[in-house]
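Undergrad: structural data only, the sequence is not supplied:
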């Protein structure tokens, strides 16, 4: 008997939250997984599939028929329908197309509408299920209509009433907490006119960048935001649960970009796909490493005459790389969070260079003393100390300047900046150390 | 005339959102900043100060008297009051204490209550302003009471009604959308009994880890969550806007930890504080770099007899470090997001080792050919190829195993893992390359 069946004895599956069902499924091996899937109420399968990590999506699809998949999609809200179909397409376009054909005409229309948006547009994340009322409707009637829609489960998880004009343009957003204190016998607009509050909606346009929309949620402490088109016509809403996911996704993307990893390729369980994407960054790294080696090659004779230099040179490069990565990470992240604004560039570079020089000096002295004792050559200590100060200065400057420059060029500062930076710190590290050694020691 | 004054001509400041005021303030220089601060309605200053990046907090405090600060704190919600006072304490405990003394007795009590929680406990993030009702209250009366509290602005941004027993234990959570469809003449419990829905609250305990609470919000798509004590007594609520901040903070912390940066030290504008924290990680890096150099030192004679080895050896270490960082970042992030569960360790290590071997083979061949042509020594190509396969295999294995092991030991896998990893890839890189060279070339 598998865990899900055990659980069934104690719980009513249909009363469980899809996320809880997903948690149990995750712990099952393949054969039990398929059996357990059959036990899940058909209405919940879509939500369960979306609550599972992406790599399980294949397993769900494999174990369901086209009709079952169609039913699962039909039970989802519009934005989730699009996500589910997108997942299907990634696996097999043919299945996706067949499932799409089984859907209700209204669902099809909504899906087509939502699929016109790019991943970075607010429209791609909106739900079309909203509750709207005309400004001239009496509050009592609005509530009655709401109750009917709510009981029929046509709308769920409602926190706001959107008030539109006759041409469906969004005029006001009214929290249900405000609606409750309205005079039920008056019309909406009469209540609004009587009130001191403004009810002016914080809204976003469907073609707006989703990053900006996330920022609105964060800045204005929103839990729901209406989305309108360029003419102000109300199209849908974005809710806080989408925002959690998007914040996490963006942070993951940024972290992965800094490390030279592609977030899309890593989502699935395919070794080949992830490996290929990683290889492209490793390839670039190989080129820059060869470039750094060419710099070392310039000093072959110096190295030949003093092997201690070969022993010590990675230290200078490593310290520069690490200090630079510290700076780079802080600047990239603060840019993403909006803590650094346009006019801040000079302030940031100054700060980072100062920190770099401060730490450069400390570690230059430490390493200078160590090196001169280790190899019994005083001047060698001076050479490594000077080159460390130079390299940490460069690390601080470029660690700040590279992402600031990329941002100014409207390129994502997380992509590629780490490779550029370590190339700089490697080259400067090797060149300054071996160059100074050639000049001062030989 | 500064920007804020210009803006004043067009807008009513008191109608502006604190975040919008903060945005204008951010663009002002010091002298205008102080002047602008005086123009902000006293009721909004607290919210504006919290909406500004942390480094501006000093400037706000400097420009306000104790009484003004006290008034600003008094206008905030309980969780924000604690944040504000914490900010004050970080600057000057004496000022914080004086401001605290000016507060209303109720505010003081609430603040003391909230301050007993650690940063990682759910209680530290809750708001105490909630709307509760007894299960035997008639809906109509509840709404009337709500309207009064709402009009008096004692409660704001309400989405749920919390229903408690006579001993204040949380029994049910009712969305306002559900309340609207209740029979207003019946009591709450009668309505609940009549309904098919369960109204069982998704709640968290005040001493629970905030990371788990964030996960509940994400998994159950919540926008509000009630917080209870160990006995089930309702204490407060956490709202979606806190969750946005916490998700961002945790992602920042993780990113910074991976780069050897302390997120608390970076928040403020103090170069010395941030620099000192970064220096401690650079110090550890210096030790590991010296350790790697000692490994190189073992092969002094080999290096002396073939200087090409010194030229090429950083490539092996660099490729290992980069491949390992890719793996490490993916594993650390997926652990944080809950995409990797307890039983997944072997699957992840297998996957990562496979990717590492795949890419190791590709780049070993590429680099082997390049090296043998570059220096005209075929065996040198073989040596670097073999050492790259070894080092990338080690990078993949340890890049996955280190964070999985730290997680198992209940240590944050983001802290220190990068340093351990690059030590391993440097040492293995230098040792395998120079060791194979000594064995095969001399």
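TA: Structure's in. What do you need? A quick note: this is a predicted structure, and the numbers were derived from the prediction, not measured.

Undergrad: use CA for all of it now, contacts and neighbours both
TA: OK.

Undergrad: residues near residue A:217, how many?
TA: For residue A:217, the count of nearby residues is 21 (other Cα atoms under 10 Å in any protein chain shown).

Undergrad: so who does it touch?
TA: Counting by Cα atoms under 8 Å, 6 or more residues apart in numbering or on different chains, residue A:217 touches A:223-225, A:243, B:241.

Undergrad: how close does it sit to residue A:77?
TA: For residue A:217, the distance to residue A:77 equals 21 Å [Cα to Cα, to the nearest Å].

Undergrad: with residue A:33 instead?
TA: Going from residue A:33 to residue A:77 by Cα to Cα gives 25 Å.

Undergrad: ok, residue A:155 next?
TA: 9 Å.

Undergrad: need the strands for chain A, in chain order.
TA: Counting by DSSP state E, chain A has these strands, from start to end: A:132-134, A:160-164, A:170-175, A:204-205, A:224-228, A:234-239.

Undergrad: for residue B:148, which of the ones you listed is the nearest?
TA: Among the strands of chain A, strand A:170-175 comes nearest to residue B:148, with 16.1 Å by Cα to Cα.

Undergrad: tell me what the closest one is packed against?
TA: On a contact count with 3 or more Cα pairs under 8 Å, 6 or more residues apart in numbering or on different chains; DSSP states H and E, strand A:170-175 meets strand A:160-164.

Undergrad: rerun at 10 Å
TA: Applying 3 or more Cα pairs under 10 Å, 6 or more residues apart in numbering or on different chains; DSSP states H and E, one finds that strand A:170-175 contacts strand A:132-134, strand A:160-164, helix A:188-194, strand A:224-228, strand A:234-239.

Undergrad: reformat the ones you listed as JSON lines; add distance to residue A:381, mean neighbour count and mean pLDDT.
TA: Putting those into JSON lines (distance: least, Cα to Cα, whole Å; neighbours: other Cα atoms under 10 Å in any protein chain shown; pLDDT from 0 to 100) gives the following:
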{"stretch": "strand A:132-134", "distance to residue A:381": "75", "mean neighbour count": "20", "mean pLDDT": "94"}
{"stretch": "strand A:160-164", "distance to residue A:381": "69", "mean neighbour count": "22", "mean pLDDT": "93"}
{"stretch": "helix A:188-194", "distance to residue A:381": "77", "mean neighbour count": "17", "mean pLDDT": "94"}
{"stretch": "strand A:224-228", "distance to residue A:381": "62", "mean neighbour count": "24", "mean pLDDT": "96"}
{"stretch": "strand A:234-239", "distance to residue A:381": "60", "mean neighbour count": "23", "mean pLDDT": "95"}
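
Undergrad: residue A:29 is nearest to which of these?
TA: In terms of Cα to Cα, the element of the helices and strands packed on strand A:170-175 nearest to residue A:29 is strand A:234-239, at 34.2 Å.

Undergrad: can you list the low-confidence ranges for the stretch 151-300 of chain A?
TA: A:269 (pLDDT under 70).

Undergrad: tell me which stretches of it form helices.
TA: Listed in chain order, the helices of the stretch 151-300 of chain A (DSSP state H, counting those that start in this stretch) span A:176-180, A:188-194, A:210-219, A:240-259, A:263-267, A:271-297, A:300-305.

Undergrad: residue A:150 and residue A:156 touch, don't they?
TA: Yes. Counting by Cα atoms under 10 Å, residue A:150 sits close enough to residue A:156 to count as a contact (6.6 Å).

Undergrad: higher neighbour count, these two?
TA: residue A:150 (19 against 16).

Undergrad: next, the contact list for that one, please.
TA: A:131, A:144, A:156-158, B:177-178, B:180-181 (Cα atoms under 10 Å, 6 or more residues apart in numbering or on different chains).

Undergrad: quick check: closest non-adjacent residue to residue A:403.
TA: The spatially closest residue to residue A:403, leaving aside those adjacent along the chain, is residue A:413, at 4.6 Å (Cα to Cα, 6 or more residues apart in numbering or on different chains).

Undergrad: what about residue A:81, distance to residue A:128?
TA: Separation of residue A:81 from residue A:128 (Cα to Cα) stands at 11 Å.

Undergrad: do the same with residue A:416
TA: 37 Å.

Undergrad: residue A:186 and residue A:140 touch, don't they?
TA: Yes. Residue A:186 is within contact range of residue A:140, at 8.0 Å (criterion: Cα under 10 Å).

Undergrad: find residues that contact each of residue A:81 and residue A:128.
TA: Common neighbours of residue A:81 and residue A:128 (Cα under 10 Å, 6+ apart) are A:110-111, A:114.

Undergrad: now those residues in JSON lines, with pLDDT?
TA: Shown next, in JSON lines, are the shared contacts of residue A:81 and residue A:128 (pLDDT from 0 to 100):
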{"residue": "A:110", "pLDDT": "92"}
{"residue": "A:111", "pLDDT": "93"}
{"residue": "A:114", "pLDDT": "93"}
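
Undergrad: what about the stretch 301-442 of chain A, any weak spots by pLDDT?
TA: A:342.

Undergrad: and if we set it to 90?
TA: A:337-344, A:416, A:442 (pLDDT under 90).

Undergrad: how near is residue A:391 to residue A:318?
TA: Distance, residue A:391 to residue A:318, using Cα to Cα: 10 Å.

Undergrad: and these two? which has more neighbours close in?
TA: Between residue A:391 and residue A:318, counting by other Cα under 10 Å, residue A:391 is the more crowded of the two (33 against 24).

Undergrad: thinking again about what came up before, which neighbours do residue A:391 and residue A:318 share?
TA: A:324, A:425-426, A:429.

Undergrad: of these, which are in range of chain B?
TA: Residues of the shared contacts of residue A:391 and residue A:318 in contact with chain B (Cα under 10 Å from any Cα of the partner chain): A:324, A:426.

Undergrad: top of the shared contacts of residue A:391 and residue A:318 by neighbour count?
TA: residue A:429 (34 neighbours).

Undergrad: pretty sure that one is touching residue A:324, no?
TA: No. Residue A:429 lies out of contact with residue A:324 (Cα under 10 Å); the separation is 11.9 Å.

Undergrad: overlap in contacts, these two.
TA: Taking Cα under 10 Å, 6+ apart as the contact rule, residue A:429 and residue A:324 both touch A:318, A:391-392, A:394-395, A:422.
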